[in-house]
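Undergrad: this one's sequence-less:
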């Protein structure tokens, strides 16, 4: 079978959820709506956290980074998917595929690590409230964010470079919404067994170490919460923790299935649905989960809307 690479000027053909759907127009409208909601909700949350001094605390700083990651995550995928639908041609160049893979792995990995740091933040806030601002001082939470981005970027660079070095066959169709490692390796005209095992090992490491830290933190948090003498304090802590755990469940559920479950249990249809979940649906839901159930964020929103209303009357 013939091989090809970038010198041949070819790219890949993406066979995503729009191509698999019986109602691509409806799916396209849904993706456009979700992307619009993700842009508005994440952008608004970033704006509120920047403008309201009451939200200038470590918890909301970390939340702003999550919103930034979600905003970039969905922007890497949704606009191209919509443009391809209207063009009637879903193709991506070799360099475009490389860039998309790098961004998805970076943003996904950074969010994975950041969620663990957010769990630690909640643990410190509830277990050590008097020392919270010293334990979560600016140097600490900036280091958390830098670690999330740096480790994820390095991991992404290694995997992207190695995955794209394989020779690919002329059957250029990727049965997936985007360029990700598992579906792309199916096109490789070389033995990828060892590398697939490395991807599996790194996937388990990258997902389960932070997940273990999250579960440990929340186990300790919930133990402390149930021993709180104040009913109001207990309810507030449970509400905050439940929001975090909902986001963790949405993200890790799809990621574990995609990168940890053996390829024999995958199908293109399932992978396409999962990719929509963690690249489009989850970034849309995350800010809504945090803001609609958070009195501080809702208070900041009312304050901004009040100022806007007053300014319009002048």
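TA: Yep, it's here. Worth saying up front: this structure is predicted, and the values here are computed from it rather than measured.
Undergrad: who does the strand or helix carrying residue 252 touch, helix- and strand-wise?
TA: Counting by DSSP states H and E, the element that carries residue 252 is helix 231-259. Packing partners of helix 231-259 (3 or more CB pairs under 8 Å, 6 or more residues apart in numbering; DSSP states H and E): helix 94-127, helix 181-185, helix 193-225, helix 268-276, helix 282-292. Quick note: C-beta positions are derived from backbone N, CA and C, even for glycine.
Undergrad: turn those into JSON lines, including mean neighbour count and distance to residue 307.
TA: Listed next are the helices and strands packed on helix 231-259 as JSON lines, based on neighbours: other CB atoms under 10 Å; distance: least, CB to CB, whole Å:
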{"stretch": "helix 94-127", "mean neighbour count": "21", "distance to residue 307": "29"}
{"stretch": "helix 181-185", "mean neighbour count": "20", "distance to residue 307": "47"}
{"stretch": "helix 193-225", "mean neighbour count": "16", "distance to residue 307": "35"}
{"stretch": "helix 268-276", "mean neighbour count": "19", "distance to residue 307": "37"}
{"stretch": "helix 282-292", "mean neighbour count": "21", "distance to residue 307": "18"}
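Undergrad: can you lay out those as a markdown table showing distance to residue 160 and mean pLDDT?
TA: As requested, the helices and strands packed on helix 231-259 are exported to a markdown table (distance: least, CB to CB, whole Å; pLDDT from 0 to 100):
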| stretch | distance to residue 160 | mean pLDDT |
| --- | --- | --- |
| helix 94-127 | 4 | 91 |
| helix 181-185 | 9 | 86 |
| helix 193-225 | 12 | 85 |
| helix 268-276 | 17 | 76 |
| helix 282-292 | 21 | 83 |
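Undergrad: how about CSV for those helices, with distance to residue 243 added?
TA: CSV is the format used below for these (distance: least, CB to CB, whole Å):
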stretch, distance to residue 243
helix 94-127, 10
helix 181-185, 31
helix 193-225, 12
helix 268-276, 22
helix 282-292, 5
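Undergrad: what about residue 22, which SS state?
TA: Here residue 22 is recorded as coil under DSSP: H, G, I helix; E, B strand; the rest coil.
Undergrad: quick one, phi psi at it?
TA: phi -80, psi -20 (degrees, to the nearest 10).
Undergrad: just the pLDDT at it, thanks.
TA: pLDDT recorded at residue 22 is 77.
Undergrad: can you count the residues close to it?
TA: Counted with other CB atoms under 10 Å, the neighbours of residue 22 add up to 6.
Undergrad: circling back to that earlier point, quick check: which of the helices and strands packed on helix 231-259 is nearest to residue 33?
TA: helix 282-292 (9.0 Å; CB to CB).
Undergrad: just list what the closest one packs against, helices and strands only.
TA: In this structure, helix 282-292 packs against helix 24-51, helix 58-87, helix 231-259, helix 295-313, with contacts taken as 3+ CB pairs under 8 Å, 6+ apart.
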